[in-house]
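J.: generate coordinates for the sequence data below:
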Amino acid sequence: MTPGRQQQMTTWTVGQVAELLGVTVRTLHHYDEIGLLTPSERSRAGYRLYTDADLTRLQQIVVYRRLELSLDEVASLLTGSEDAVTHLRRQRATVLTRLDELTDLVTAIDRALEREMSDQPATPEQLKELFGDGFTDEYQAEAEDRWGQTDAWQQSAARTKRYSTADWAAVKEEMEATHAAFVRAKRAEETPSSEAAMAAAEQHRLHIHRRFYDLTHEFHRALGDLYVADPRFTKTYEDLEAGLAEYVRDAIHANADRHAE
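T.: Residues are numbered from 1 along each chain as shown. Have a look, this model is predicted:
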């Protein structure tokens, strides 16, 4: 093999190195000017030529720069007598540390994103998913047509328009807890005027009062009557416990009576 052929296989021009390692020719010239990486060979025409050893050093520089070390820090690290293996081990350890930091950062971003997303108003699709078939656009439209001009409806609409999915989940949980309190009282054969039944009725009133609209005890009494008069409301309670709709109405009346005294 001729010396010229040997040189061609073991040396590279500036342009070839730039293409090989993804750095610019300008960067390579700068590294040469500051003494960070000077090509070890020259062609007969005087052009810079990089050797295998030069490429190894350049690879180390590129990695350290990607780790955001300054050129002075890189130069300091490469001044010593450490071999390539030592540099690679140091770089690997640094990358793993950064990886842990970035993983923690991604987790923090995900949590922040989840918080931001949960603060967004719930969509109709999310409400249907949460409440099931009982929540329909048709029922909502009918309810608005029936009560849309009332102060209670407008107050409720103003409060709930910004409720997030998390808010509605809390509403559902509170509602289910109130229903469970009524069921427990009825199954324990407590009368509607018992302390347990009236406590459930007050819990029911406060749930609506806090989440939707101002609800006085007299207004609550009228709402209790609706639970028996409207078959759909009745069904909601009857599906939980036979006779529960009338029981809830009577407990609401008893609770309103004692607060009227």
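J.: quick one: the strands in this protein?
T.: If DSSP state E is used as the criterion, the strands of the chain fall at 41-42, 48-49.
J.: winner for burial among those?
T.: strand 48-49 (a mean of 19; mean count of other CB atoms under 10 Å). Where C-beta positions appear, they are placed from N, C-alpha and C, glycine not excepted.
J.: how far off centre is it?
T.: A distance of 53 Å separates the centroid of the chain from that of strand 48-49, by CA atoms, centre = their mean, to the nearest Å.
J.: parallel or antiparallel, which strands does it pair with?
T.: Sheet pairing of strand 48-49 (DSSP bridges) gives strand 41-42 (antiparallel).
J.: quick revisit: closest to Gln149 out of the strands of the chain?
T.: In terms of CB to CB, the element of the strands of the chain nearest to Gln149 is strand 48-49, at 84.9 Å.
J.: tell me which of the strands of the chain sits nearest to Ile34.
T.: strand 48-49 (14.7 Å).
J.: re the thing from before, could the strands of the chain go into JSON lines alongside distance to His179 and mean pLDDT?
T.: Shown next, in JSON lines, are the strands of the chain (distance: least, CB to CB, whole Å; pLDDT from 0 to 100):
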{"stretch": "strand 41-42", "distance to His179": "85", "mean pLDDT": "90"}
{"stretch": "strand 48-49", "distance to His179": "82", "mean pLDDT": "90"}
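J.: could I get these as JSON lines with distance to Thr216?
T.: Supplementary listing: the strands of the chain in JSON lines, determined by distance: least, CB to CB, whole Å:
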{"stretch": "strand 41-42", "distance to Thr216": "94"}
{"stretch": "strand 48-49", "distance to Thr216": "90"}
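J.: so which of the ones you listed gets nearest Arg210?
T.: Closest to Arg210 of the strands of the chain is strand 48-49 (CB to CB; 77.2 Å).
J.: contacting residues around that closest one?
T.: Gln7, Thr11, Trp12, Thr13, Val14, Asp32, Pro39, Ser40, Glu41, Arg42, Ser43 (CB atoms under 8 Å, 6 or more residues apart in numbering).
J.: which ones are touching the third one?
T.: This means Trp12. When the contact criterion is CB under 8 Å, 6+ apart, the partners of Trp12 are Leu20, Leu49, Tyr50, Leu55.
J.: which single one of these is nearest to Thr107?
T.: For these, with Thr107 as the reference and CB to CB as the criterion, the closest is Leu20, at 36.8 Å.
J.: need the pLDDT of the residue nearest to that closest one when sequence neighbours are not counted.
T.: In space, Leu20 comes closest to Trp12 once its chain neighbours are excluded; the distance is 6.9 Å by CB to CB, 6 or more residues apart in numbering. Confidence at Trp12, expressed as pLDDT, is 91.
J.: any stretches of the stretch 101-250 of the chain with poor pLDDT?
T.: Scanning the stretch 101-250 of the chain for pLDDT under 70 picks out 109, 112-119, 132-148.
J.: go again using 90 as the cut-off
T.: Residues of the stretch 101-250 of the chain that meet the criterion pLDDT under 90 lie in 101-169, 226, 230-233, 236.
J.: need the helices for it, in chain order.
T.: Counting by DSSP state H, counting those that start in this stretch, the stretch 101-250 of the chain has these helices, from start to end: 124-131, 137-147, 151-160, 165-187, 195-211, 217-229, 231-238, 244-260.
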